[in-house]
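**Q** Dropping a prediction and its sequence here:
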Amino acid sequence: MKKGFLMLAAVAAMVFTSCKENAADKVNAENEKEVAERDANTSGAPAMKFEEDMHDFGTINEGDVVEHTFTFENTGDAPLVVSNAKGSCGCTVPTWSKEPIAPGEKGEMVVKFNSNGKPNNQMKTVRITANTESGQETIKIKAFVTPKAGGAATGNPVNNTAVQPGHEGHNH
């Protein structure tokens, strides 16, 4: 095992040190000029500003499927493109428009939460991947999910109203 590791390390060292081509020599001057022009024409990046970044559903019943529409505006200087959005668990599903959102325009992201099997306090996050400066934005939902009847231990399993033989006048 030790010999195999040393052999692998030696091969890796040879591969990394054997490249003698300079990456700067490969840069095409024409491409460099094109990139400079493109960057000069771009005055800024898109920015995603939400009206609210957290929504509280309040108290809901276990098994309810609720949804909320988050509204946001592109406050940047370039078209905003949301490439992905993912909930922190499978019970939280976001949907959004795949079209670019122009500067100054508004967009929406709908977040559905399925509370089945999720009793008590819940806080879920949706991580959004977009072409903003940071590359990622976050919104959150929360709710208190009232457990289904019988889902958790409820009440007292002992029947205190029945009088046991020999205990007339009082119950145990």
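**A** Received the coordinates, thanks. Numbering: from 1, shown residues only.
**Q** contacts, neighbours, all on C-alpha from now
**A** Noted.
**Q** next helix or strand past the least confident helix or strand in the chain by mean pLDDT?
**A** Sorting the helices and strands of the chain by mean pLDDT, DSSP states H and E puts helix 29-41 at the bottom, at a mean of 57. Later in the chain than helix 29-41, the nearest helix or strand by DSSP states H and E is strand 48-50.
**Q** Tell me which residues of the next helix-or-strand element following that following strand come out buried.
**A** As assigned by DSSP H and E, the chain's next helix or strand after strand 48-50 is strand 54-61. By 16 or more other Cα atoms under 10 Å, the buried positions in strand 54-61 come out as 54-55, 60-61.
**Q** next SSE after strand 54-61?
**A** Moving toward the C-terminus from strand 54-61, the next helix or strand (DSSP H and E) is strand 65-74.
**Q** Name the residues that touch stretch 90-101?
**A** With Cα atoms under 8 Å, 6 or more residues apart in numbering as the test, stretch 90-101 has contacts from 74, 79-83, 85-87, 107-115, 124, 126.
**Q** Give me the buried stretch members for it, please.
**A** The neighbour-count check on stretch 90-101 (16+ other Cα under 10 Å) flags 92-94, 96, 101 as buried.
**Q** Tell me the one among those residues nearest to residue 49.
**A** Of all these, residue 101 has the smallest distance to residue 49: 12.2 Å, by Cα to Cα.
**Q** Give me the below-cutoff pLDDT ranges for this protein.
**A** Counting by pLDDT under 70, the chain contains low-confidence ranges at 1-43, 151-172.
**Q** measure the residue lying closest to residue 79 once chain neighbours are set aside to residue 46 for me?
**A** Distances taken as Cα to Cα, 6 or more residues apart in numbering place residue 102 nearest to residue 79, at 4.5 Å, with adjacent residues excluded. Using Cα to Cα, to the nearest Å, residue 102 is found at 9 Å from residue 46.
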